[in-house]
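In: Give me a model of this one.
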Amino acid sequence: MAISADLYRTFYGVGLYLSFSKAARELGVSQSAISQGIKQLESELGIPLFNRTTKSVTFTPEGKELFDTVAKALTILDNGVEQLQERAKQVFESLFLATTDTLCRHYLLPYFRRWKEADNDIALHITNRPSSDCVDMILNKEAQLAIVTEFDGLRDNSLLTVTPLSSLQDVFLGGLSYKGLETFDQGRLLNEPILALRRGTTSRKFFDQVTHGACRKPRFELDNFDLLVDLVELDMGVALVPHMVAASKLQEGTVVKIDTDISVPERHIVLVQSKMVAETEGMRQFIDLLLGKEKVNSIDPNPELQ
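Out: Below you'll find the predicted structure:
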């Protein structure tokens, strides 16, 4: 028959202080409850554990041997519980965010700085993936929040909450050889060397939508917009990129916006979270930051088109 762990803790308390009254005070129970617990443990084990007199309490040889064993066992148990609690605390005090490399570099950096300034002891774990992969991480409970460029069908998923954060305007970009040229129509523009992101990405699908699939074979296919803009700066071709990615080079005058009659609709940056996951304090704080409920001490993360 298994013996209650509470009886061993009672025994440990008495053995630690060699006093029934002090053990009772430390354990927050009555002295009679301590006495009854020791009697029950001795009865179940079939051995005396303490020598009792009116003046003192001492171990029997068997009692001392059991005390050493129980002390080791309780230390292991308490340490294990403490480690589990600490691990749970670390998970609770962490926020797992999935976003794209482009949004991380050109939209979220001011918010990350403000998050650090808040000094809230909640660690931020950031994973960079394409937009669709970020949403998959939310569905698979690998991330708590995702910040992505909205794509077709995203709002149709009943398991997700999608919150608009900001608009995103794309522009056709060229090197200095395109400076001062007249407006390009679609046919002329798409006859130029085209630089684009690889197929399957949200932004590549957007490019194909804007150009009606007329550009079947770009000159270069890359994995990120920053490298795309660098190649444009070298006059390697033209590209459709978010204005915020090219803003600094446009201001410096090392690249130019190409005037074209191609209609480029506005896109949206959105926050995605699962309806099946309860919001933690860290999630609420970061959402408040994104929605402007806490002021971000920075430049506008999405400057207007120049």
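In: did I read that right, Lys22 in a helix?
Out: Yes: the assignment for Lys22 (DSSP: H, G, I helix; E, B strand; the rest coil) places it in a helix.
In: Just the pLDDT for it.
Out: According to the prediction, Lys22 has pLDDT 93.
In: Count the residues that sit near it.
Out: Residues lying near Lys22 (other C-beta atoms under 10 Å) number 16. Every C-beta, even on glycine, is put in place using the N, C-alpha and C of the backbone.
In: again with Leu103
Out: Around Leu103 there are 24 residues (other C-beta under 10 Å).
In: same check, this time on Glu221
Out: Applying other C-beta under 10 Å, I find that Glu221 has 15 neighbouring residues.
In: In a strand, it, correct?
Out: Yes: using three-state DSSP, the assignment for Glu221 is a strand.
In: Give the bridge partners for it, please.
Out: Here Glu221 sits in beta bridges with Ala196, going by DSSP bridges.
In: what separates it from Ser158, distance-wise?
Out: Going from Glu221 to Ser158 by C-beta to C-beta, to the nearest Å gives 34 Å.
In: pLDDT weak spots in the stretch 151-300 of the chain?
Out: 294-300 (pLDDT under 70).
In: Please enumerate the helices of it.
Out: 186-190, 202-210, 225-233, 243-252, 281-290 (DSSP state H, counting those that start in this stretch).
In: and those helices as JSON lines, adding mean neighbour count and distance to Phe172?
Out: Below are the helices of the stretch 151-300 of the chain laid out as JSON lines (neighbours: other C-beta atoms under 10 Å; distance: least, C-beta to C-beta, whole Å):
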{"stretch": "helix 186-190", "mean neighbour count": "16", "distance to Phe172": "7"}
{"stretch": "helix 202-210", "mean neighbour count": "19", "distance to Phe172": "9"}
{"stretch": "helix 225-233", "mean neighbour count": "20", "distance to Phe172": "10"}
{"stretch": "helix 243-252", "mean neighbour count": "18", "distance to Phe172": "10"}
{"stretch": "helix 281-290", "mean neighbour count": "17", "distance to Phe172": "29"}
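In: Let me know which of these is the nearest to Asp133.
Out: helix 202-210 (9.9 Å; C-beta to C-beta).
In: Run through the neighbouring helices and strands of that closest one.
Out: Packed against helix 202-210 by the contact rule (3 or more C-beta pairs under 8 Å, 6 or more residues apart in numbering; DSSP states H and E) you find strand 145-149, strand 194-197, strand 238-242.
In: JSON lines for these, including mean neighbour count?
Out: Formatted as JSON lines, the helices and strands packed on helix 202-210 follow (neighbours: other C-beta atoms under 10 Å):
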{"stretch": "strand 145-149", "mean neighbour count": "25"}
{"stretch": "strand 194-197", "mean neighbour count": "24"}
{"stretch": "strand 238-242", "mean neighbour count": "25"}
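In: Switch these over to JSON lines, and while doing so, append distance to Gly63 to every line.
Out: JSON lines is the format used below for the helices and strands packed on helix 202-210 (distance: least, C-beta to C-beta, whole Å):
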{"stretch": "strand 145-149", "distance to Gly63": "56"}
{"stretch": "strand 194-197", "distance to Gly63": "75"}
{"stretch": "strand 238-242", "distance to Gly63": "75"}
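In: can you tell me which of those strands comes nearest to Val270?
Out: strand 145-149 (6.3 Å).
In: mean confidence score for that closest one?
Out: Strand 145-149 comes out at a mean pLDDT of 97.
In: Can you give the strand pairings for it, parallel or anti for each?
Out: Partners of strand 145-149, by DSSP bridges, with direction: strand 94-99 (parallel), strand 267-274 (antiparallel).
In: Now mean neighbour count and distance to Tyr8 too, for these, in CSV please.
Out: What follows is these, written out as CSV (neighbours: other C-beta under 10 Å; distance: least, C-beta to C-beta, whole Å):
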stretch, mean neighbour count, distance to Tyr8
strand 94-99, 21, 36
strand 267-274, 20, 43
